[in-house]
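Q: I need the structure of the sequence given here:
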Amino acid sequence: MRRKRTGITLLAEAGEKIEQDKKTSGRDKIELSLLDEYTDNEGTTNSYLVGEVNEENTANILKGIKENGFHGAIDVWKMPNGRYMIFSGHRRAFAMKTLGNTVIPCNIYEKPEAETESRLWYLRANIHTRGSANASSDGGHIYIARQMEYLAGIIKMTGEFRGSDTAMNKMIADEFDTSYTIVWRYRQLLKMSPRLVEAEAEGHIPLKQAAALSVIDKEYQDIVLDGVSKAVNSNNPLNRDNIEKIISEIKEIDSPEATDNNDEKTSKASYAAAIVSAVLEQKMNEKENNHEADISKATPAKKKTYKDTFINNLHGFEKKMDKLQPEEINEIRMELEYILTAINNIGNNENK
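A: Residues are numbered from 1 along each chain as shown. Model (predicted):
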C-alpha cells in the first residue's frame, strides 16, 4: 500500500478515528429490537468473523450483569432505515437480551461513508479486544484466519496495494502484532479441507503441521488425519515403535488422485508420513512431559525457543550418527527431505 509507514497501523488509525468521533457521538438507550448484527455490504457478518454469540461464550458477561448491573455502552452506527448496527458489543447486547432487558445504553456514531473505513472500524473494535480470544476458544483458529483474510481484502479494496503475498502477510503481521510466518499459517487454514480445519480446531493436529499439510492433495490430507486418528484412538501405547509402524503403513498407501508417476507417489506419501511422524512425536512428548510434571516438583526450566530446541536436536543427532543402521539413515533422510520441502513450500507460497 502506497502510504507512509509511521509506526501507526491501519487498525490503530481506525481506533484513533473512533475515539475522535466518540467526542461528538450521542449516547442513548436503544431498544434491543432495533439493533442488528454487524454486516458489511457484501454480507460478511460478525458471526462469520468472530464466531456465534451464545450463552456459553457470554457466561462471564451474564454473571457480571446479574451481580453488578450493566455499565458503559456498546457502539452502534445509526442506519438510514432507522435501525442501528452494532460494530462493538455483540456479546453484551446478547447478554442483556438474554436477561430480559429491552433496552441497552449505546454510543451512537455516524457510519463512515467509505466501506473500507467502516470495515476497519469493526476490526479495530473487535480483534484488538475480545474478538480473537473468544473466536479461538470457540472454534480453533479459523476465525483468526478469517479476520486476517478480511483485513487483506480491505487492503486490496483501496486499489493501492501492488505487493506480493509475502508483502501482504508482513503488512497483516504488523496489524496483528505477530510474525508474517504465523500469518501464513493462519491464512493456510482457509485452503484446507473441512475435515482438516475441524481436526485443527479440536486440537488433533497443531496449526504448524496443518499449515504444512495444506499444500498437498486433500486425499493425502485425509491419509494423515486417518493416521493420527488411528494412533491416538488405538489401545496400543503411543511410542516410537507404534509410530514407525503407522508411518510405514502410510507410505504404502496410494492416493486416488495420484498419477502413475511412482516418484510423485513416493514423494507425497513420504511427505504425508513425515507430517504424521511430527504430530505423533509431539503428542508423545507432551504425554511424557505431563507425566514428568506430575511426578516431579522441581522448578520448571526456562522455556526454550523453537530455534533452541531445533538446534539442540540437530547437535544431539550429529553426535550419534555413527550408531545408525543403513535403513535408519534412509528414514532420517526422508524426514530431512520433508523439512526442506515444507520450508520451500512456505517460501514458494509467500513469493507467489
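
Q: report the buried residues of the strand or helix carrying residue 172.
A: In this assignment (DSSP states H and E), residue 172 forms part of helix 165-176. The neighbour-count check on helix 165-176 (16 or more other C-beta atoms under 10 Å) flags 165, 166, 168, 169, 170, 171, 172, 173, 174, 175, 176 as buried. C-betas here are computed from N, CA, C, even on glycine.

Q: can you give me the strands for the stretch 51-200 of the chain?
A: Per DSSP state E, counting those that start in this stretch, the stretch 51-200 of the chain carries strands over the ranges 74-78, 84-88, 103-110.

Q: now the angle between strand 84-88 and the longest one, please.
A: Note on geometry: by axes from the mean of the first three to the mean of the last three C-alpha atoms, to 10 degrees, strand 103-110 and strand 84-88 are set 90 degrees apart in direction.

Q: please spell out which residues along strand 103-110 are buried.
A: For strand 103-110, burial by neighbour count (16+ other C-beta under 10 Å) applies to 104, 105, 106, 107, 109.

Q: output these as CSV; include the columns pLDDT and distance to residue 34.
A: Listed next are the buried residues of strand 103-110 as CSV, based on pLDDT from 0 to 100; distance: C-beta to C-beta, whole Å:
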residue, pLDDT, distance to residue 34
104, 97, 10
105, 96, 14
106, 96, 10
107, 95, 15
109, 95, 15
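
Q: who touches residue 78 in this structure?
A: Residue 78 is in contact with 84, 108, 109, 110, 111, counting by C-beta atoms under 8 Å, 6 or more residues apart in numbering.

Q: next one: phi and psi at residue 52?
A: Backbone torsions of residue 52, given as degrees, to the nearest 10, read phi -70, psi 140.

Q: what's the neighbour count on it?
A: For residue 52, the tally of surrounding residues (other C-beta atoms under 10 Å) stands at 15.

Q: that one and residue 11, how far apart?
A: Taking C-beta to C-beta, to the nearest Å as the measure, residue 52 falls 24 Å from residue 11.

Q: can you give me the domain assignment for the chain?
A: Under the assignment automatic domain parsing, the domains of the chain span 10-138, 192-351.

Q: return the member of those domains having the minimum mean pLDDT.
A: Confidence, taken as mean pLDDT, is least for domain 192-351 of the domains of the chain (a mean of 66).

Q: contacts only, for the nearest residue to residue 155 once chain neighbours are set aside.
A: Leaving aside its sequence neighbours, residue 155 sits nearest to residue 161 (C-beta to C-beta, 6 or more residues apart in numbering; 5.1 Å). Shown in contact with residue 161 (C-beta under 8 Å, 6+ apart): 1, 155, 167, 168, 171.

Q: any chance of those in TSV with distance to residue 94 and pLDDT as columns?
A: Putting these into TSV (distance: C-beta to C-beta, whole Å; pLDDT from 0 to 100) gives the following:
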residue	distance to residue 94	pLDDT
1	35	37
155	30	92
167	38	91
168	34	93
171	33	91
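
Q: nearest residue to residue 54 other than its sequence neighbours?
A: residue 94 is the one closest to residue 54 (C-beta to C-beta, 6+ apart), at 7.8 Å.

Q: elements contacting the helix or strand containing residue 27?
A: Element membership of residue 27 [criterion: DSSP H and E] is strand 26-31. Other helices and strands packing on strand 26-31, by 3 or more C-beta pairs under 8 Å, 6 or more residues apart in numbering; DSSP states H and E, are strand 103-110.

Q: now with 10 Å, please.
A: strand 74-78, strand 84-88, strand 103-110 (3 or more C-beta pairs under 10 Å, 6 or more residues apart in numbering; DSSP states H and E).

Q: that'll do, ta.
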